[in-house]
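Student: no FASTA, just this:
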């Protein structure tokens, strides 16, 4: 009987040792994955910084001006292109066609929406207790 208990104790000890080493190596593996992801994130941040620097270099005003004069063939502003504010047409009044149709049908009046038990009354003053 004692030998069976000794054998069971040894098997339990070996099993727990295997389980502990499994957890240890899995933890090491996960830590390496986290470290690898941190390096990848930093590399992406560096790449974003390089792209922002390239964009700033390409969007310099003097470079854009040179490209505009070279490719767009823009003409200087002439006095005939400048008009007074009174020469600009007035903005037309927007018409609510759906609202007019509702009014002709007699549905343009505000409705009385049913209130629930907890809905505030429109006649109640703010801060008043019921």
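Tutor: Structure received. Just so we're clear, the structure is a prediction, and the values are computed from it rather than from any experiment. Numbers count the residues shown, from 1 in each chain.
Student: pLDDT weak spots in this protein?
Tutor: Residue ranges of the chain with pLDDT under 70: 116-130.
Student: change it to 80
Tutor: 1, 90-93, 107-130 (pLDDT under 80).
Student: and residue 1, how many neighbours?
Tutor: Number of residues near residue 1 (other Cβ atoms under 10 Å) recorded here: 5. All C-beta atoms are positioned from the backbone trio N, CA, C, and that covers glycine.
Student: From residue 9, how far out is it?
Tutor: Distance, residue 1 to residue 9, using Cβ to Cβ, to the nearest Å: 13 Å.
Student: So which residues of the chain form helices?
Tutor: Taking DSSP state H as the test, the helices found in the chain are 2-58, 61-71, 97-105.
Student: could I get those helices as CSV with distance to residue 82 and mean neighbour count?
Tutor: As requested, the helices of the chain are arranged in CSV below (distance: least, Cβ to Cβ, whole Å; neighbours: other Cβ atoms under 10 Å):
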stretch, distance to residue 82, mean neighbour count
helix 2-58, 33, 10
helix 61-71, 21, 10
helix 97-105, 37, 10
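Student: how about the ones you listed in JSON lines, adding distance to residue 80?
Tutor: Formatted as JSON lines, the helices of the chain follow (distance: least, Cβ to Cβ, whole Å):
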{"stretch": "helix 2-58", "distance to residue 80": "35"}
{"stretch": "helix 61-71", "distance to residue 80": "22"}
{"stretch": "helix 97-105", "distance to residue 80": "39"}
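Student: Please name whichever of the ones you listed is nearest to residue 115.
Tutor: helix 97-105 (23.4 Å; Cβ to Cβ).
Student: In contact with the residue sitting furthest away from the middle of the chain: list those residues for me.
Tutor: What lies farthest from the middle of the chain is residue 1; by Cα atoms, centre = their mean that is 68.8 Å. Residues counted as contacts of residue 1 (Cβ atoms under 8 Å, 6 or more residues apart in numbering): none.
Student: Return the distance of it relative to residue 7.
Tutor: Counting by Cβ to Cβ, the gap from residue 1 to residue 7 is 11 Å.
Student: Equivalent analysis for residue 103, please.
Tutor: Separation of residue 103 from residue 7 (Cβ to Cβ): 96 Å.
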